[in-house]
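1. Could you work out the structure for the sequence below:
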Amino acid sequence: MEKVNSGLQSFGPLQNLIEDDSVEEIWINTPNRVFVARNGRSELTNLVLTKEVVHDLIERLLIWGGRRLDVSNPFVDARLPDGSRLHVAIPEVTAKHWAVNIRKHLNQGNSLADLMELGSINQEILDLLISSINNGFNILVSGGTQAGKTTFLNALISQISPSERVITIEEVFELKPKIPDWIALQTRNTNLEGEGEISLRKLIKESLRMRPSRIIVGEVREAEALDLLIALNSGLPGMATLHANSVRSAISKLQLLPLLAGENISQSFITPTIANCIDLVVQCSLDSTGVRRVVEVAFVTGRSEEGVIEIERLFKWNGNKYEKGLASLANILAKRSI
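-> Numbers count the residues shown, from 1 in each chain. The predicted structure is shown next:
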């Protein structure tokens, strides 16, 4: 095995892995167990580090990312200068060693056309998505970890007209729209005195004062779902991602998350708001061979019954090809015209 103790450059002993275009993500479980992901599959490298090297490297990376890591704040997310995303957890949250993940920013799938070339979508889905964006439909991108949600969201954003003013809202900067009128907002953790936090909820509210044509939320996880729905319900187009294993699970989760905002929030408000606001749900998946693909596209009809929001399938991947559902672009346009 290759032993590395010092000689840190920008990424130190991880520099070669960072420069390797086939590597999607790097993670360190212990100093002598460094893994990478290639084509969606993980593998153990022959790299052996020391505890001191890992700590020195992370402390330097966090200076770049402008984030703090200590006993009172044992988790950290940060964006690195090359666009990679760093996540670190330290003891006592972890058992003994610092757990490190670096998700690289890869120049793949920057547009919907690129995704079609990669086999992630077909021409019909491409045409549907372009029409949906041009018509200002609200799109929810769903999927599991490493399914390619952020990459897909970036590709959707690439289709937005350059005449629009776009506000992106994230915990850590990852989205990179190639749009002339674009403002990126990022959350902020508390300082040493436990003050100064800026949450996603706060950023969504502030974004509405910035004259947006469209807002994009990198990932909806908690009560900020309520603020997003209120913004979309006002007629402002938007997009977001959400962790879920299916289209139905994504809608169900979106019904639950706003309830975290307080006891005065009820399903009698949330359910019809989601039914009316969300137009498309795109389900992304990483299969056993490491291929990332859209496996389902569904239309939210605007109707609900006994708390269940009605969805209709547009496209479904059957393992070999896409099958068309009963819904079409005309159904979405008809919903919007009501």
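2. Let me know how buried the residue nearest to Ala225 when sequence neighbours are not counted is, in neighbour terms.
-> Closest residue to Ala225 apart from its sequence neighbours, by Cβ to Cβ, 6 or more residues apart in numbering: Leu257 at 3.7 Å. (C-beta placed from N, C-alpha, C; glycine too.) Leu257: 19 surrounding residues under other Cβ atoms under 10 Å.
3. residue contacts, Leu257?
-> Leu257 is in contact with Val220, Arg221, Glu222, Ala223, Glu224, Ala225, Leu226, counting by Cβ atoms under 8 Å, 6 or more residues apart in numbering.
4. How about Phe315?
-> Asn122, Glu124, Ile125, Leu128, Val294, Glu296, Val297, Tyr322, Glu323, Lys324, Gly325.
5. between those, which is nearest Leu192?
-> For these, the residue nearest Leu192 by Cβ to Cβ is Val294; the value is 43.9 Å.
6. which SS class is the closest one?
-> Going by DSSP: H, G, I helix; E, B strand; the rest coil, the secondary structure assigned to Val294 is strand.
7. and it, how far is that from Ser199?
-> 30 Å (Cβ to Cβ, to the nearest Å).
8. Quick check: which ranges of the stretch 1-150 of the chain have low pLDDT?
-> Along the stretch 1-150 of the chain, the model assigns pLDDT under 70 to residues 1-9, 65.
9. Could I get the full set of strands for it?
-> Ranges of strands within the stretch 1-150 of the chain are 2-3, 23-30, 33-38, 41-44, 47-48, 75-79, 85-89, 99-103, 139-143, based on DSSP state E, counting those that start in this stretch.
10. Give the partner strands of the second one in its sheet and their orientations.
-> When pairing is defined by DSSP bridges, strand 23-30 lines up against strand 33-38 (antiparallel), strand 99-103 (antiparallel).
11. got the angle for that strand vs strand 85-89?
-> If you take axes from the mean of the first three to the mean of the last three Cα atoms, to 10 degrees, strand 23-30 sits at 10 degrees to strand 85-89.
12. what does strand 23-30 rub up against?
-> Residues contacting strand 23-30 (Cβ under 8 Å, 6+ apart): 14, 17-18, 34-40, 49, 54, 96-104, 106, 146.
13. For that strand, buried residues please.
-> Within strand 23-30, the residues that count as buried by 16 or more other Cβ atoms under 10 Å are Val23, Glu24, Glu25, Ile26, Trp27, Ile28, Thr30.
14. Tell me the gap between it and the middle of its chain.
-> From the chain centre to the centre of strand 23-30 is a distance of 19 Å (Cα atoms, centre = their mean, to the nearest Å).
15. Repeat that for the last one.
-> What separates the centre of strand 139-143 from the centre of its chain is 9 Å, taken as Cα atoms, centre = their mean.
16. helices or strands up against that strand?
-> Judged by 3 or more Cβ pairs under 8 Å, 6 or more residues apart in numbering; DSSP states H and E, strand 139-143 is in contact with helix 123-134, helix 149-157, strand 238-243, helix 247-256, strand 280-286.
17. Turn these into a markdown table, including mean neighbour count and distance to Lys178.
-> Converted to a markdown table, the helices and strands packed on strand 139-143 look like this (neighbours: other Cβ atoms under 10 Å; distance: least, Cβ to Cβ, whole Å):
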| stretch | mean neighbour count | distance to Lys178 |
| --- | --- | --- |
| helix 123-134 | 17 | 14 |
| helix 149-157 | 23 | 8 |
| strand 238-243 | 23 | 16 |
| helix 247-256 | 20 | 27 |
| strand 280-286 | 24 | 20 |
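18. ok, Pro74 - contacts?
-> Here Pro74 is in contact with Ala89, Ile90, Pro91, Glu92, Val93 (Cβ under 8 Å, 6+ apart).
19. If we use 6 Å, what do you get?
-> Ile90, Val93 (Cβ atoms under 6 Å, 6 or more residues apart in numbering).
20. Let the chain start at 217 from now.
-> All right, first residue 217 from here; so that's Pro290.
21. ranking the strands paired with strand 239-246 by burial, who's on top?
-> strand 315-319 (a mean of 20; mean count of other Cβ atoms under 10 Å).
22. and it, C-alpha only, in CSV?
-> Coordinates of each C-alpha in strand 315-319 appear next as CSV, following Å, rounded to 0.1, in the frame of the first residue of the first chain:
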residue,chain,number,x,y,z
ALA,A,315,-15.7,10.6,8.6
VAL,A,316,-15.0,12.6,5.4
ASN,A,317,-16.9,12.7,2.1
ILE,A,318,-15.9,14.8,-0.9
ARG,A,319,-18.5,14.7,-3.7
